[in-house]
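>>> next come a sequence and a model predicted from it.
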Amino acid sequence: MILSALILIPFIGGFLCWVGEKLGLGVPRWIALISMAAVLGLGCQLWMQGDYSLANATVGTAPHWQLEERYTWIPHLGVSIHLALDGLSLLMVMLTGLLGIMAIGCSWTEIQRHVGFFHLNLLWSLGGVIGVFISLDMFLFFFFWEMMLVPVYFLIALWGHAGSDGKSRIYAANKFFIFTQAGGLIMLVGILALVLVNYQATGVLSFDYDALLGAHQYMSPNLEMALMLTFFVAFAVKLPIVPVHSWLPDAHAQAPTAGSVDLAGILLKTAAYGLLRFGLPFFPNASAEFTPIAMWLGIFGVFYGAFLAFAQTDIKRLIAYTSISHMGFVLIGIYSGNLLTLQGLVIQMLAHGICAGGLFILSGQLYERIHTRDLREMGGLWGRFSYLPALLMVFAAALLGIPGTANFIGEFLILLGAFKVVPLITIIATASLILAGVYSLIMIHRALFGQAKSDEKLPDLSGRELALVVSLVGILVFLGLYPQPVLNVSQASMARIEQIYAPKAITVPAVINTPAPTLAP
């Protein structure tokens, strides 16, 4: 029942927030905080009790789940409530719980209208994300994939940027919904086609992950490529990958702080998770053939996001474009297909979620005090705060991958593993790290240094705000200095993906045959 509880807690907590608003504005906040703390606590319990060692990956390509639940739902259509958890799912669930707490904490005083309904939408979006991470029935997975979009739409449309008119918020919310909904409907076509192909070959109508895992052997190469592309398009929109990325900067610019933390820290990771869990295992041959295109899309996204970040004057839009750049690294890591790169990818996903979440929290706290997000209207803030500038510099340093932070570990492992597969692409991607340093320094220089607009001291971070960002800094540094616990947990899951995908990888220079370094404890 633990897996069911991981999903039900945010949904029940969100409903209680809605009805609890009648008792006072503080009630929904505490209910939401307790709910996500319970999710994080259950994640920690599963971490302590599970065995995520590499031994679990030696049973072949068949998944080995630490915990599994299955309930009858629509048996005539082969649909069931099938939930399961392995190391990859666990880490994503814990990231959701952690950033869920941060999103609630950073909106404690920011949200004053319809507080109960706000927390209902926030928790239901988080519950939908958790459902995506642990669902193994494709009908159930699609249900959660689409369901989590609706609360995020309301977060943007109803509690968006206070300095903009209502039309801008509605435009951003509509754009987000249309892009992601269109991608989801394309994936639905792929899911239904995959189920029908499997049914025609086996006579069993099922949406279950285990049943569909070998369906690619019944397909022609062209059909496998077509179905793979339906999944890839849906995940590319959510990741996002250029050219289906334009919803992200608008959504971040208009979203409340909690919405931005949710979007950048968690929702983008559902796409990377989907590629790892479904895209590569369901269509290994087509994915291998598509690898060069996917990697060059990743390279283009790395540079495109970085160059667009240079031109931004809105600090939230700047951070949004850096997310597009970093997701290019994630795409390269996914399609490299060896254990070293895949484990670096897990670290990078966690690091980006924490780092981007921290930057959006700080930008929200900055806006509450100076009432602008325009970098041209800032300058000289270093002398007007005690703690905020230093913390902003720490997150900016993490963003560009300074050694000692989790971002450095993730990028280093991705590039080290990818070099054995695609040396040219890896060299180009490594060169792009210079751009990360440039846009991070541009943000710091424009916001903290230069000519001050005023010498008046500004209210510094409260104890609650300081606790939020310092805890995120602590996690980034801990993972940067000692990433082994996360590598141990993800090892078996990533090894299975390597077993499915790596043997079918494209032919590259002989260096790929050199054994990759292991990451055993």
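Structure received.

>>> what stretches of the stretch 51-200 of the chain score poorly on pLDDT?
54-63, 162-166 (pLDDT under 70).

>>> in it, which spans are strands?
Taking DSSP state E, counting those that start in this stretch as the test, the strands found in the stretch 51-200 of the chain are 67-74, 79-85.

>>> what angle do the first one and strand 79-85 make?
Right, the one you point to is strand 67-74. Orientation check (axes from the mean of the first three to the mean of the last three C-alpha atoms, to 10 degrees): strand 67-74 against strand 79-85 gives 170 degrees.

>>> list the buried residues of strand 67-74.
Applying a neighbour-count criterion of 16 or more other C-beta atoms under 10 Å, the buried positions in strand 67-74 are 67, 69. For every residue, glycine as well, the C-beta is placed using N, CA and C.

>>> repeat that for stretch 124-139.
124-139.

>>> before we move on, back to that, a markdown table for the strands of the stretch 51-200 of the chain, including distance to Pro240?
Formatted as a markdown table, the strands of the stretch 51-200 of the chain follow (distance: least, C-beta to C-beta, whole Å):
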| stretch | distance to Pro240 |
| --- | --- |
| strand 67-74 | 31 |
| strand 79-85 | 27 |
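
>>> now the end-to-end length of stretch 271-288.
18 Å (C-alpha to C-alpha, to the nearest Å).

>>> how far off centre is that stretch?
16 Å (C-alpha atoms, centre = their mean, to the nearest Å).

>>> and stretch 67-77, by the same measure?
27 Å.

>>> CA-only coordinates of that stretch in PDB, if you can.
Only the C-alpha atoms of stretch 67-77 are listed here, as PDB (Å, rounded to 0.1, in the frame of the first residue of the first chain):
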ATOM      1  CA  LEU A  67       8.100  -2.800  -4.600                       C
ATOM      2  CA  GLU A  68       5.100  -3.600  -6.700                       C
ATOM      3  CA  GLU A  69       1.300  -3.300  -6.400                       C
ATOM      4  CA  ARG A  70      -1.400  -4.400  -8.900                       C
ATOM      5  CA  TYR A  71      -5.200  -3.900  -8.700                       C
ATOM      6  CA  THR A  72      -7.900  -4.800 -11.100                       C
ATOM      7  CA  TRP A  73      -9.400  -1.800 -13.000                       C
ATOM      8  CA  ILE A  74     -10.800  -2.500 -16.500                       C
ATOM      9  CA  PRO A  75     -10.000  -6.200 -17.100                       C
ATOM     10  CA  HIS A  76     -11.900  -6.400 -20.500                       C
ATOM     11  CA  LEU A  77      -9.500  -3.800 -21.900                       C
END
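
>>> on that earlier part again, mind checking the strands of the stretch 51-200 of the chain for the one nearest to Ile354?
strand 79-85 (21.1 Å; C-beta to C-beta).

>>> which strands and helices sit next to the closest one?
helix 2-20, strand 67-74, helix 115-134, helix 138-147 (3 or more C-beta pairs under 8 Å, 6 or more residues apart in numbering; DSSP states H and E).

>>> can you give me the angle the third one makes with strand 79-85?
For helix 115-134 against strand 79-85, the angle by the same axes, to 10 degrees is 80 degrees.
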